[in-house]
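Peer 1: return atomic coordinates for the entry below.
(chains A and B)
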Amino acid sequence: MSTVAEIKTAFKQLPEREQWKLAEWIQETLESFETLDADGARGREPVSAVVSIVRKVKRERREACRRA
Amino acid sequence: MKPVAVLDSSVVVSGIGWRGGEARAVLRLLALRGFVSARTAWLTAEWAETVERVAHEEKRWRNTNWRAWLDWLNHASVFFKEIPIRVTVRRDPKDDPVVMAAVAARAHFIVAYDPDLLDLEKPCGIACVTPRKFLSTVRQSRSTV
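Peer 2: Numbers count the residues shown, from 1 in each chain, chains lettered A, B, ... in the order given. The predicted model follows:
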């Protein structure tokens, strides 16, 4: 894993065209989450209802795996 | 070093489905690269299946874009191969794959809402915590660095 300082140095050494490509990729990556973040119901999650369905799915998956 | 965490399906579903809770805050923190999310093949399939089921069964669900969310989460999470270990979650063996994923990834945290997982406290040295506890721990450790 490189440090931020190492990445910055490597970035500066890239040809200008490659720098633009990388910058665009970083921007797209961040924007994709910003767009997604507007999705979903307002307010907090109904934890007990969610946990109940999740437990059911986990059990079914485990049983299906055991049978297979 | 960034903390490594395995997100239980209860947190993934909640974070994708609802905007105002702590599970969404966990996903925001992941988008900001505040921690490393780990996944295995089993867990990835479980995330997809649980999100799809809750989207169909829960009347309060409002996210029609959930497939794009799963794609994003899969790309944002580091893939680990499952390792054959014998971990048994005595209270409920359905949670074994979650613990197994955390062991495979050498994770520091399992983030969950499910009391069956939270009651384990520290299986194999991995802290099982709620999203609230996870957020406060990560934020504290960042502010002290």
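Peer 1: after the helix or strand of chain A with the lowest mean pLDDT comes which helix or strand?
Peer 2: In chain A, the helix or strand scored least confidently by mean pLDDT, DSSP states H and E is helix A:16-36, which has a mean of 84. Downstream of helix A:16-36, the first helix or strand assigned by DSSP states H and E is helix A:47-67.
Peer 1: need the contact partners of that next one.
Peer 2: Helix A:47-67 has contacts (CB atoms under 8 Å, 6 or more residues apart in numbering or on different chains) with B:8-10, B:13-14, B:17, B:45-46, B:49-50, B:53-54, B:57-58, B:60, B:92-95, B:113-116. Bear in mind the C-beta positions are built from the backbone N, C-alpha and C, glycine included.
Peer 1: what of stretch B:132-145?
Peer 2: Residues contacting stretch B:132-145 (CB under 8 Å, 6+ apart): B:P3, B:A5, B:E22, B:A25, B:V26, B:L29, B:G34, B:F35, B:F109, B:V111, B:V129.
Peer 1: now B:F79: phi and psi?
Peer 2: phi -90, psi 130 (degrees, to the nearest 10).
Peer 1: typo on my end, B:E52
Peer 2: Torsion angles, degrees, to the nearest 10, at B:E52: phi -60, psi -40.
Peer 1: A:K56: neighbour count?
Peer 2: 14 (other CB atoms under 10 Å in any protein chain shown).
Peer 1: and for B:K59, the neighbour number?
Peer 2: Residues lying near B:K59 (other CB under 10 Å) number 7.
Peer 1: then A:A38?
Peer 2: A:A38: 9 neighbours (other CB under 10 Å).
Peer 1: what residues are up against it?
Peer 2: A:A38 touches B:R19, counting by CB under 8 Å, 6+ apart.
Peer 1: B:I126: what's it in contact with?
Peer 2: Shown in contact with B:I126 (CB under 8 Å, 6+ apart): B:V6, B:V99, B:A102, B:V103, B:A107, B:H108, B:F109, B:I110.
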